[in-house]
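Colleague: structure for the following, please:
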Amino acid sequence: MLSAILSTRVVRFEVDAEREGRWTTESVAESESEAIEIARRLLGGKGCEAVRVMRALESRGSVVGTTEIFTERRPTGGADTRLASCDDEGAWCETLDDLYGNRSRRTIGQLLRGFLDANGVTPTEVLHSFRVYKRLDNADSLLSAAVSRIARARATATKTDGALTQRAIDQIVQQAAVRVRDAAAMRSVPTIGDGGLDALLAKFRKGYADPGEQRFQFRHSLCRVLEGCNGLPHRVEMVLDWSSTAKDPESIAVVDELAADCLGSAGVIKDMLGLQPDLGSALAMVVELARDRLKAFPAKAPPWLETLRKLLAGQGFEATRQVLLARVRRELGGERALTRDGAAGEAKALNVLCDRLFCDAQGVYLGGA
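Modeller: Have a look, this model is predicted:
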């Protein structure tokens with residue numbers, strides 16, 4: 001009997017739209033990706049307030065179960081539902097592995113800064129925590145807007161068809177969504193214990209043959225721990241504390257990634273630097289920290305700053321260093337004055353920053369001209 005039911009079952013994907021508070025089925029698709037693409041097109045149409053995709057299981061002509069797999073609502077204009085600017089150059093992904101890389105996470109941290117700060121979460125959690133991903137997916141059309149922004153940048157830079165580029169990046173994002181959803185459904189996930197990051201990493205290396213899956217599951221487990229933190233300041237403190245026993249290069253790389261995620265927030269940077277006389281002084285301190293030349297800590301510096309300084313003094317920790325330099329670069333390209341002392345003071349502050357950014361040995365500016 002059971003085999004007969006299974007042999008006749010059909011899976012379909014219904015695309016629903018909400019108009020004036022009422023849901024109606026607008027289309028039926030054969031694949032999940034096609035249904036989501038139809039839903040996003042509907043959301044851009046007039047009068048559509050929200051869309052959703054329902055996976056329906058039919059057997060012998062009757063629906064025996066439905067599951068909501070995608071939902072998105074039109075933006076309402078809140079601060080956490082607006083995209084910020086980002087460094088578009090090279091910000092797109094060619095593969096799923098690219099999506100988890102440092103460049104991709106830095107772009108996520110810039111584009112979705114309002115959402116990340118409002119929710120007190122990191123780009124790594126967006127990619128590895130289903131709870132955070134669902135929160136983003138439900139934040140009006142923020143996710144689709146971010147994907148569209150990057151797709152346009154890629155299409156322009158590579159001179160490729162915009163629709164094809166959009167579809168390629170959409171597919172990568174959907175692969176990541178399925179992966180994090182499946183991870184969330186796992187009942188038993190190893191977590192960090194007395195052995196620290198190295199012991200936890202060893203468990204995933206033993207449990208998964210594929211290195212990519214090892215990396216994903218390792219970070220997924222840590223993101224479950226981060227869910228218990230109260231905001232980004234608590235997260236960066238916990239992450240840097242993990243570094244005290246980390247010896248494996250992969251463990252140290254995770255600390256670097258998560259610290260970089262947190263330091264992408266201007267709020268965390270302000271907490272770290274304390275009260276500074278002007279923007280120029282603050283940026284100069286960031287440069288000195290990135291170059292391991294910070295001699296004096298700011299008043300009331302958080303206790304984790306010394307740990308961060310020691311980690312930046314090593315040969316690694318490049319993700320965090322690049323995030324700090326990206327902050328300096330973006331501020332220098334903005335409209336804010338470096339000092340309150342007029343044109344002469346502005347020129348002096350800029351010269352100070354240039355001197356600190358210049359690498360005598362290589363004859364170039366740290367972070368690019």
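
Colleague: going along the chain, name the helices of the stretch 51-200 of the chain.
Modeller: Under the criterion DSSP state H, counting those that start in this stretch, helices of the stretch 51-200 of the chain are mapped to 96-99, 102-111, 113-119, 123-128, 130-137, 142-158, 162-184, 196-207.

Colleague: nearest to W242 among the ones you listed would be which one?
Modeller: Taking CB to CB, helix 196-207 is the member of the helices of the stretch 51-200 of the chain nearest to W242, at 5.4 Å. C-beta here means a position set from N, CA and C on the backbone, and glycine is covered the same way.

Colleague: would you mind identifying the next helix or strand past that closest one?
Modeller: Toward the C-terminus, helix 196-207 is succeeded by helix 211-226 as the next helix or strand (DSSP states H and E).

Colleague: pLDDT on the next helix or strand after that following helix, on average?
Modeller: For helix 211-226, the succeeding helix or strand toward the C-terminus, using DSSP H and E, is helix 231-242. Per-residue pLDDT values across helix 231-242 average out to 93.

Colleague: packing partners of helix 231-242?
Modeller: helix 211-226, helix 249-263, helix 266-273, helix 304-313 (3 or more CB pairs under 8 Å, 6 or more residues apart in numbering; DSSP states H and E).

Colleague: flag every buried residue along it.
Modeller: If you call a residue buried by 16 or more other CB atoms under 10 Å, then helix 231-242 has these buried ones: L232, P233, R235, V236, M238, V239, L240, W242.

Colleague: if we take these, which one ends up nearest to D256?
Modeller: Looking across the buried residues of helix 231-242 and measuring by CB to CB, the closest to D256 is V239, at 9.3 Å.

Colleague: spit out the contact partners of that closest one.
Modeller: Taking CB atoms under 8 Å, 6 or more residues apart in numbering as the criterion, V239 is in contact with L226, V255, L258, A259, C262.

Colleague: now V28
Modeller: V28 sits in contact with R12, F13, E14, V15, where contact means CB under 8 Å, 6+ apart.

Colleague: who's V10 bridged to?
Modeller: Bridge pairing for V10 (DSSP bridges) gives the partners E58.

Colleague: picking that back up, can you say which of the helices of the stretch 51-200 of the chain is packed in most?
Modeller: The highest mean neighbour count among these belongs to helix 123-128 (a mean of 26), with neighbours defined as mean count of other CB atoms under 10 Å.

Colleague: one step back: now the contacts of V239 as a markdown table including pLDDT, distance to V268 and neighbour count?
Modeller: Formatted as a markdown table, the contacts of V239 follow (pLDDT from 0 to 100; distance: CB to CB, whole Å; neighbours: other CB atoms under 10 Å):
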| residue | pLDDT | distance to V268 | neighbour count |
| --- | --- | --- | --- |
| L226 | 93 | 14 | 24 |
| V255 | 96 | 15 | 25 |
| L258 | 96 | 12 | 28 |
| A259 | 95 | 10 | 27 |
| C262 | 94 | 5 | 32 |
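
Colleague: does Q110 really touch G264, like I thought?
Modeller: Yes: under the criterion of CB atoms under 8 Å, Q110 makes contact with G264 at 7.1 Å.

Colleague: any common contacting residues for these two?
Modeller: Overlap between the neighbourhoods of Q110 and G264 is empty, taking contacts as CB under 8 Å, 6+ apart.

Colleague: hmm, back to that, right, so of the helices and strands packed on helix 231-242, which gets closest to R52?
Modeller: Each of the helices and strands packed on helix 231-242 has some distance to R52 by CB to CB; the shortest is helix 211-226, at 25.6 Å.

Colleague: which of the residues in that closest one are buried?
Modeller: Q214, R215, F216, Q217, F218, R219, H220, S221, L222, C223, R224, L226.

Colleague: which residues touch that helix?
Modeller: In this structure, residues lying in contact with helix 211-226 by CB under 8 Å, 6+ apart are 97, 100, 121-122, 124-125, 127-129, 132, 179-180, 183, 189-192, 197, 200-201, 204-205, 207-208, 235, 238-239, 250, 254, 257-258.
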